[in-house]
Structure formats: C-alpha cells, structure tokens
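Asks: Here is a sequence together with a model predicted from it:
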Amino acid sequence: ERAKWSKETLALWEKYGASEPVDKDGFQKSFIRHVTTTLARSSLNVDNFSAYQATAHTVRDRLIERWNVTQQAHTLKDPKRVYYFSLEFLLGRSLDNALLNLDLKEQFGEGVKELGFRMEDVLEQEVDAALGNGGLGRLAACYMDSLATLDYPAWGYGLRYTYGIFQQRLKDGYQMEFPDYWLNFDNPWELQRLDIAIEIRFGGSVSKYTDENGHIRSRWEGGDAVQAVAYDVPIPGYGTKNCINIRLWSSKPKRQFDLSRFNEGEYEQAVQEQMKAENITAVLYPNDNHMVGKELRLKQQYFWVAASLSDIIRRFKKTERDWDQFPEKVAIQLNDTHPTLAIVELQRILVDEEGLNWDDAWDIVTRTFAFTNHTVLPEAMEKWPVPMVEYLLPRHMQIIFDVNLFFLQKVEQQYPNDRDVLARMSIIEEATPQFVRMAHLAVVGSHRVNGVAALHSNLIKTTIFKDFVKYFGADKFENKTNGITPRRWLHQANPKLSELITEALGHKKWLKDLNLLKNLEQHVKNKDFRRRWIAVKHSNKVRLAEYIKSKTGIDVNPNSLFDVQVKRIHEYKRQFMNILGVIHRYHELKSLTPEERQNVVPRVVIFGGKAAPGYYIAKLVIKLINNVSAVVNADESIEDLLKVVFIPDYNVSLAEIIIPASDISQHISTAGTEASGTSNMKFVLNGGLILGTVDGANIEIHEEIGDDNIFLYRNVPIDPALQSVITSIETGNFGDARIFSPLINTLTFGKDYYLISDDFGSYLDAQKLVDEAYKDQDDWSKKSILCTARMGFFSSDRAIREYAEQIWEVKPVPVQPE
Ligand code: CR6
C-alpha cells in the first residue's frame with residue numbers, strides 16, 4: 001500500500017511521525033495533554049493518582065515507539081527467536097523501572113516536580129502486576145529484563161489473569177485473603193490487541209479418515225470453543241532501544257453464539273456457556289510448589305499454550321519456509337512443567353493439520369523445546385488424571401499414549417526384560433485412574449533439561465531423572481544457575497547504594513556488566529567509603545522502620561540488627577524453625593542479669609510471606625509468629641533488645657523496600673529442598689549477609705563471597721534447647737496452646753520431615769555467630785561491601801547469556817545505535 005502513496009502523503013507521515021520528545025518540556029507537554037484528553041480532567045482536579053496515570057501514559061507513548069521499532073527490526077531481519085512460556089510473570093510495578101531503563105528519571109522527575117507533584121508519591125500510586133506466586137514468576141520477570149537489555153529477539157507468553165495473587169491481611173494474627181482486582185483502573189502497561197483473537201477448542205471427539213494419499217489420519221472436531229485475545233506488555237531494556245514483548249492471553253466468549261442451541265428454550269443456557277469462557281483466565285492459582293489437580297487449571301494450561309503456538313506458527317508461516325526449519329527459527333523454553341502440553345499440541349498440529357509423518361514431526365518438536373525444572377518436592381510434581389485429559393483434550397491424550405508407546409519401545413530395546421525401568425520411566429503412571437506425569441513428558445519432548453542451581457541440577461540427575469540421564473546421556477541435562485536483574489534489585493530498589501557504587505567505580509557500566517562490581521573490593525580499606533556504605537544501609541533501615549510503623553504500628557529501632565525472612569510460607573522453608581529460635585532468644589533475654597544485657601545485640605526479626613489459602617500448617621505458622629510478636633513486643637522488660645514483626649502482604653514492591661534494609665536474611669530450607677532461591681541473591685547484592693543452610697544457590701553464593709561473609713550451618717543431632725521452647729508454647733505462653741498442637745505435632749511422632757529438630761542446635765549456634773560479628777560494626781561493613789562486590793555471577797544477564805548460547809542458539813539483534 002505504502003508504495004502507492006504520493007510524495008505529499010509520505011511527507012506527512014515523515015513530518016508527524018517524529019519521535020516523542022524525552023526532555024523535561026516535552027514531558028510536561030505530554031503530561032498535561034494526557035491529563036486533559038486521556039483522563040478528561042482539569043488542572044484543578046489532579047490528585048496523585050491522576051498524576052501517576054498521566055506520567056504512566058507519557059512513558060507508555062515512548063515505550064510503544066521503541067516496541068514498534070524493535071518489532072519491525074525483528075520482522076525485517078527474521079532472526080531465530082526465543083519464546084519463554086511461563087504461567088507466571090511477577091512484574092511488580094512498571095513506572096519506575098521504565099523511567100530508569102529509558103534513562104528518563106531525572107528529567108521527568110524535574111518535570112513532575114515543577115507541575116506540583118513529588119515523583120516518590122506518584123510512583124507509590126501504582127498497583128503491582130502480581131501475576132505470579134513467588135520465585136518462579138519473579139525469575140521470569142528478571143529474565144525478560146535481561147533478554148531486553150541484551151538485545152535478544154525474545155517474547156514471553158503467559159496469561160492475563162483478572163485476579164493476581166491474593167492480597168493478604170491479618171485478623172487476630174490469622175491470614176485473610178482478599179481478591180487482587182488489579183485491573184480496577186485502566187492498565188497503561190498493556191496494549192490490547194483485539195485484532196489478535198485465536199479460537200481454542202475443548203472437548204469434542206476424534207474421528208479417523210483416509211487422506212488423498214491413502215494415509216489414515218485423525219481429525220479433532222466438535223466440543224466448545226473459546227477465544228484467546230492478546231494483550232501485549234512492552235518490556236524495555238536498559239541502555240538500549242530494544243523493547244521486547246510479553247503477550248498475555250485473556251479468554252473471551254466466541255464472537256458467534258452456537259446458533260443451533262440458540263432457540264428460545266436454551267437462550268439462558270447458551271449465554272451462561274459463553275460466560276464460562278471468561279472464567280478460564282479469571283484467577284491465578286495461589287499455590288507455590290504444590291500441585292492441586294483442578295480441571296480449570298488444566299484448561300488454563302492448554303488455552304495458553306494453544307494460543308501461543310498458533311501465534312508463533314502464524315509468524316513462522318509468513319516467511320514460507322519448510323517445517324524442517326522451524327527449530328532453526330523458533331526456540332521455546334518451558335518454565336517448569338506448566339506448559340508441557342505445548343509439546344503435544346505442536347505434534348498434533350504437525351501431524352493432523354500439516355500432514356507431516358510422525359517421526360519427522362517429533363524430530364521438529366524435540367528440537368524446538370527445552371525444559372527447566374524448578375523443584376524436586378514430590379507434592380509439586382504435576383500429574384493429571386488420564387480421564388480428565390481425555391475428556392478435555394481427547395486427541396492430545398491419544399498422542400500422549402503414542403509418544404509413550406514409541407518411547408518405551410526404545411527404552412525396552414536398550415534394557416530388554418527390565419519391567420521396572422519401564423514402569424519408572426513411563427509417561428503414564430499406572431494407578432486407578434492412570435495419571436500423565438508431566439515432568440516425564442517434558443523430558444522426553446525436549447532436547448535440553450536444566451535445573452536452576454548447581455546442587456539442584458545434580459540432584460535431579462541422581463533422583464527424579466536418574467533413569468532418563470542413563471537413557472539419553474548426561475549431555476541432555478545441565479545447570480543454569482538462576483540470576484536476578486541488577487537494574488530492579490539494586491539500581492531501582494536501592495538508589496543510594498547505586499549512586500555510591502557509581503561514584504566509587506566512576507561509571508555506570510556495572511549495571512550492564514555486574515562483574516565490574518569486583519572493583520569495589522579496593523574500596524574496602526577506605527574508612528570513609530565504609531562509613532558512607534553503612535550510612536546508606538542505615539537510611540534504608542529508617543525507611544523500612546517507617547513503613548513498619550505505618551502498616552503495623554510497631555516501633556522498631558533502626559540501630560538494631562535487622563534479621564529478615566521474607567518468602568512464601570512453606571514447611572520446607574522452615575519459618576517455623578526461625579520463630580522457635582526467636583522464642584529461645586526471648587527466654588534467654590529474660591534470664592539475663594543487667595550486666596549481661598549490656599552485651600546483647602538488639603534485634604528486629606522481620607517476617608513476611610503468603611501461605612497458600614488451603615495450606616493449614618503454613619497458616620498456623622503465621623498465627624504463631626503473630627502471637628509471639630504480640631507477647632514479645634508488649635513485654636516492657638525486653639525493651640528494644642528484641643522486636644518481632646510480621647509485615648502483611650509481601651509482594652514485589654514491598655521486597656524493594658525490605659531487601660535493601662536487611663543486615664541478615666534467613667534462607668534456612670531443609671538441605672535439598674530449595675531448588676535455588678533467588679531472594680538470597682538480592683539480599684547479598686544489597687550488602688546484606690545471609691544465614692542459611694547448605695542448600696540451593698546458597699552454596700554458590702558461598703563459593704563467590706567466601707567463608708567470612710556468610711553464616712552457613714549443617715545438621716547435628718537433636719538439641720535439648722528445642723524441648724524447652726516447645727514446652728513454653730504448650731504451656732500457653734504464646735496464646736491458646738491448643739490451636740498450635742497440629743503445628744507442634746509436625747515435630748514429633750516421626751513426622752519431622754523437614755528436620756527442624758536435627759538442625760535446631762546448629763541453627764542457634766549460627767545465630768550466636770551473627771550476634772558476635774555484628775558487634776564489630778566496622779568489620780561488618782567490610783563484609784557487607786565484599787558481599788556486593790562479589791555478586792557479579794548472579795546477574796540474570798549471565799544466566800540469559802548461558803541459555804541463549806548453550807540452549808537456544810539465538811543471537812543478539814541490536815535494534816539501532818542510540
Ligand atoms: N517456588 C523454587 O522453589 C526457585 C524458583 C525459581 C521455585 C525456588 O527455589 O528459586 O522456583 N520452584 O527457579 C517452583 O516454583 C516450582 C519456586 O519459586
């Protein structure tokens with residue numbers, strides 16, 4: 001069409017298509033235009049929230065420009081792309097991040113100030129995009145930031161839940177859940193794409209027919225259809241024009257009612273069926289590391305992967321290549337087993353719709369997919385009842401059985417007469433009913449499988465995937481240690497530390513090459529630098545203390561040692577052990593003489609985290625923490641020596657306040673249970689020390705930062721100190737003892753699966769070392785600086801480069817020089 005345009009028309013496009021200004025004046029002009037036109041408000045009627053909206057829209061305009069340029073460049077160059085399939089993207093807030101990544105913070109901050117607002121207040125108005133549970137969802141968000149920053153041609157694919165992770169409030173110390181209706185006000189960070197709507201089928205039946213070449217083929221037909229509508233979320237890179245996309249699908253009823261059912265009698269029913277369609281993407285399942293086999297969850301999974309694959313295939317087909325080249329243009333990373341049905345769906349499309357033979361199709365499928373495992377906990381392993389899969393996706397169930405049959409035939413050739421190995425490796429678990437083991441399907445259908453930290457990757461090779469390692473060879477299995485983005489987790493969350501580092505190093509290059517932090521080591525000997533480092537930490541503690549006061553009413557002294565454990569509440573993470581340790585400390589304090597008290601390091605023990613709504617024991621842990629908090633904080637004899645705080649509704653934006661303020665954070669999972677952990681990296685990057693077990697990424701953090709800067713402890717046999725703590729709870733010192741007996745019971749009767757009794761003694765010893773070390777503040781500041789200086793390895797940029805080079809084989813495509 002453009003080719004036919006006159007010179008005059010082209011000139012108009014040129015003239016008015018100039019990019020949006022990024023200086024202060026340009027900002028103010030856009031801001032006021034958005035106030036009056038987008039928000040339809042007058043200057044007399046602009047509150048902080050409107051100021052946020054106008055600022056967000058101003059930034060959005062500039063983001064969209066980059067998004068367009070990037071997508072055009074990628075279409076033109078047609079490189080191999082990587083698609084990150086994740087059922088969760090825990091993005092948090094976008095405005096501050098976009099301002100920093102686009103390098104607009106200073107001039108827009110000035111601009112907003114002159115218009116009568118404070119940027120801090122404006123930023124505070126934004127609600128988190130909380131489309132995730134915990135580490136896995138936040139990892140996906142960090143990876144998107146790195147993919148954009150490193151100029152990779154990448155897209156994320158996920159679901160646009162109407163309700164994200166629930167909001168947590170406390171009532172009488174118990175967790176209460178409230179819906180997170182995050183789309184209540186308009187969401188400036190998404191672009192609705194009503195033109196991109198894909199029909200997704202559920203149910204129906206499979207029929208066989210003979211094609212023109214005499215081959216017997218399958219056709220899936222009938223059933224109900226819903227539509228997947230696309231919403232695009234632009235993700236800007238730092239220090240680059242590259243801006244990538246996360247495409248989130250939302251379910252809508254089909255445009256057309258089923259007319260045959262639409263006679264008068266069935267009118268209401270027909271409308272209701274349509275409404276059911278919208279349920280599919282209504283809510284994020286709030287479980288972390290726990291499988292709950294709900295049919296709607298399976299529907300979400302298929303809906304999402306079917307829409308995403310259809311979109312990818314449409315893009316691939318534009319270039320008119322052979323199917324054989326699909327894996328040379330498309331890499332798909334499966335974030336845990338949630339998207340495993342994509343393997344089956346691609347095989348179905350290739351065989352049933354595109355007419356490829358089974359083996360050629362399967363070769364394309366396995367070259368396309370790679371799979372990341374994030375857990376070894378048995379209760380987290382996804383398995384779906386065969387009858388449920390059969391009913392919702394009859395053709396997919398047939399394909400899974402065929403994949404399994406051909407796979408097991410090959411296994412049998414390798415191990416003739418070994419029935420046990422076939423049963424162990426089968427994709428189908430033989431029970432009543434049968435189950436589909438999604439992890440086995442993901443391993444068989446991918447060319448690469450990885451764990452998320454060194455220990456974890458070794459563990460999966462020797463436990464859950466042992467037989468597969470023997471069969472496929474060790475090369476298929478590798479490690480990709482998780483990483484975090486330094487842009488959000490240092491530069492944005494801890495602006496003062498970021499500034500100090502930039503000043504000391506003399507440049508900002510460390511934000512794109514985190515290994516450059518190594519050069520901070522030479523400043524450790526500089527007394528003035530140490531003083532300033534500690535001052536930054538102190539001001540972050542003051543900021544957190546103010547937050548705690550405003551949300552909980554509790555006064556905490558910023559001169560105390562801040563001891564933090566924030567993460568999902570789970571038995572394996574052992575918040576229970578932490579609070580038992582707090583009770584022990586409380587008892588000890590009460591028995592001290594005035595002289596002995598002089599020597600005590602005052603502590604604030606801070607907890608935060610959500611429990612899955614159906615996880616009874618985890619919720620009881622929250623209640624115990626709050627009861628202990630009430631008793632200890634009200635005990636005047638303790639003064640400031642110990643305070644206990646549970647901060648409600650832990651989420652990404654709260655993490656940005658808590659993490660920079662920590663002196664010590666706890667990562668004390670039972671050895672072998674925490675695949676990696678990623679907040680451990682965030683704490684250390686911000687100069688916080690960690691107290692942890694020999695588990696997950698703690699081990700690699702230890703290797704990087706050295707013995708002196710971390711408190712790790714190992715198991716020793718049972719400790720008598722634990723008994724006295726338990727007795728104290730049972731005596732009713734922390735409220736009605738009866739409510740806690742189910743919790744106490746998890747320690748006894750041979751049910752202490754997470755080995756709290758084994759580890760308690762050495763845990764307390766490690767805590768003593770922390771207290772001793774904290775007394776020498778100057779030495780502590782040295783440790784703190786070294787922590788930050790040695791965290792280069794844990795940048796998500798490093799992790800993404802490893803994935804890109806070793807698994808996806810994709811290359812950076814710079815959009816254009818700045
Ligand atoms: N719950 C692991 O438990 C890991 C993240 C990201 C988890 C955690 O140790 O850091 O994934 N696993 O790899 C799952 O979600 C299944 C998590 O966040």
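Replies: Perfect, I can see it now. Numbering: from 1, shown residues only.
Asks: Quick check: the residue of this structure nearest the ligand.
Replies: Per C-beta to the nearest ligand atom, Gly135 is where the chain lies closest to the ligand, at 2.8 Å. (C-beta placed from N, C-alpha, C; glycine too.)
Asks: close enough to count as contact, that residue and Thr678?
Replies: Yes. Contact criterion C-beta atoms under 8 Å: Gly135 and Thr678 qualify, at 5.0 Å.
Asks: Touching both of these two, which residues are there?
Replies: Counting by C-beta atoms under 8 Å, 6 or more residues apart in numbering, the contacts common to Gly135 and Thr678 are Asn482.
Asks: For Ala815, which three-state class applies?
Replies: Just so we're on the same page, residue 815 is Val rather than Ala. Here Val815 is recorded as coil under DSSP: H, G, I helix; E, B strand; the rest coil.
Asks: ok, it to Ile244 distance?
Replies: Val815 sits 10 Å away from Ile244, going by C-beta to C-beta, to the nearest Å.
Asks: swap in Leu334?
Replies: Computed with C-beta to C-beta, the distance linking Leu334 and Ile244 is 19 Å.
Asks: One more: Ala307?
Replies: Taking C-beta to C-beta as the measure, Ala307 falls 18 Å from Ile244.
Asks: Pull the number of nearby residues for Gly116.
Replies: 9 (other C-beta atoms under 10 Å).
Asks: before we move on, back to that, state the phi and psi torsions of the residue of the chain closest to the ligand.
Replies: With angles defined as degrees, to the nearest 10, Gly135 sits at phi -60, psi -40.
Asks: Before we move on, what's the pLDDT of it?
Replies: In this model, Gly135 is scored at 98, pLDDT.
Asks: give me every residue that touches the closest residue in space to Ser781 that isn't next to it in sequence.
Replies: Leaving aside its chain neighbours, Ser781 sits nearest to Arg530 (4.3 Å; criterion: C-beta to C-beta, 6 or more residues apart in numbering). By C-beta under 8 Å, 6+ apart, the residues touching Arg530 are Val524, Asp778, Ser781, Lys782, Ile785.
Asks: Likewise for Thr368?
Replies: Phe326, Pro327, Val330, Ala331, Ile332, Leu346.
Asks: 10 Å instead, please
Replies: Applying C-beta atoms under 10 Å, 6 or more residues apart in numbering, we find Thr368 in contact with 83, 309, 312, 326-332, 342-343, 346, 445-447.
Asks: Equivalent analysis for Ser728, please.
Replies: If you count contacts by C-beta under 10 Å, 6+ apart, Ser728 has them with Leu580, Ile583, His584, Tyr586, His587, Phe734, Ala737.
Asks: sorry, back to before: who wins for neighbours among the contacts of Thr368?
Replies: Going by other C-beta under 10 Å, Ile343 tops the contacts of Thr368 with 29 neighbours.
Asks: Okay, it and Ile313: tell me how far apart.
Replies: From Ile343 over to Ile313 the distance is 14 Å, taken as C-beta to C-beta.
Asks: Tell me how far the helix or strand of the chain with the lowest mean pLDDT lies from the chain's centre.
Replies: Least confident element among the helices and strands of the chain, by mean pLDDT, DSSP states H and E: helix 267-279 (a mean of 79). How far helix 267-279 lies from its chain's middle: 33 Å, per C-alpha atoms, centre = their mean, to the nearest Å.
Asks: okay, how far is it across stretch 497-513, tip to tip?
Replies: End-to-end distance for stretch 497-513: 17 Å, by C-alpha to C-alpha, to the nearest Å.
Asks: How about stretch 33-46?
Replies: Using C-alpha to C-alpha, one end of stretch 33-46 lies 13 Å from the other.
Asks: Give me the buried positions along it.
Replies: His34, Val35, Thr38, Leu39, Arg41, Val46 (16 or more other C-beta atoms under 10 Å).
Asks: possible to save these as a markdown table with pLDDT, distance to the ligand and secondary structure?
Replies: Formatted as a markdown table, these follow (pLDDT from 0 to 100; distance: C-beta to the nearest ligand atom, whole Å; DSSP: H, G, I helix; E, B strand; the rest coil):
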| residue | pLDDT | distance to the ligand | secondary structure |
| --- | --- | --- | --- |
| His34 | 98 | 37 | helix |
| Val35 | 98 | 40 | helix |
| Thr38 | 97 | 37 | helix |
| Leu39 | 97 | 38 | coil |
| Arg41 | 96 | 41 | coil |
| Val46 | 96 | 40 | coil |
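Asks: With distance to Trp67 added, can I get those residues in a markdown table?
Replies: Listed next are those as a markdown table, based on distance: C-beta to C-beta, whole Å:
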| residue | distance to Trp67 |
| --- | --- |
| His34 | 18 |
| Val35 | 24 |
| Thr38 | 18 |
| Leu39 | 22 |
| Arg41 | 27 |
| Val46 | 28 |
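Asks: Can you pick out the most distant pair from the residues you listed?
Replies: Greatest spatial distance in the buried residues of stretch 33-46: Thr38 and Val46, 12.2 Å, computed using C-beta to C-beta.
Asks: Overlap of the contact sets of the two?
Replies: With C-beta under 10 Å, 6+ apart, Thr38 and Val46 have common neighbours Gln53, Ala54.
Asks: and the next element down the chain from the least confident helix or strand of the chain?
Replies: Using DSSP states H and E, the next helix or strand after helix 267-279 towards the C-terminus is helix 295-317.
Asks: The helix or strand following that following helix packs against which elements?
Replies: Counting by DSSP H and E, the next helix or strand C-terminal to helix 295-317 is helix 326-329. On a contact count with 3 or more C-beta pairs under 10 Å, 6 or more residues apart in numbering; DSSP states H and E, helix 326-329 meets helix 295-317, helix 358-368.
Asks: Need the winner for burial among those helices.
Replies: Stretch with highest mean neighbour count among the helices and strands packed on helix 326-329: helix 295-317 (a mean of 20; mean count of other C-beta atoms under 10 Å).
Asks: Asp195: neighbouring residues, count only.
Replies: Look at Asp195: counted by other C-beta under 10 Å, it has 7 neighbours.
Asks: Tell me which other helices or strands whichever strand or helix holds it touches.
Replies: Assessed by DSSP H and E, Asp195 sits inside strand 191-202. Under the contact definition 3+ C-beta pairs under 10 Å, 6+ apart, strand 191-202 sits against helix 48-77, strand 224-236, strand 243-253, helix 295-317, helix 386-392.
Asks: pLDDT value on Arg60, please?
Replies: Per the predicted model, pLDDT is 98 at Arg60.
Asks: re earlier: of the contacts of Thr368, just say which sits nearest to Lys171.
Replies: For the contacts of Thr368, the nearest to Lys171 is Ala342 (41.4 Å; C-beta to C-beta).
Asks: what does the protein have sitting close to the ligand?
Replies: Residues of the chain found near the ligand (C-beta under 6 Å from any ligand atom) are 134-136, 139, 288-289, 336, 374-375, 380, 452, 482, 674-678, 696.
Asks: Buried by neighbour count: which residues of stretch 281-299 qualify?
Replies: By neighbour count with 16+ other C-beta under 10 Å, stretch 281-299 contains the buried residues 281, 283-291, 297-299.
Asks: Please give the centre-to-centre distance between it and its chain.
Replies: So, by C-alpha atoms, centre = their mean, the centroid of stretch 281-299 is 16 Å from its chain's centroid.
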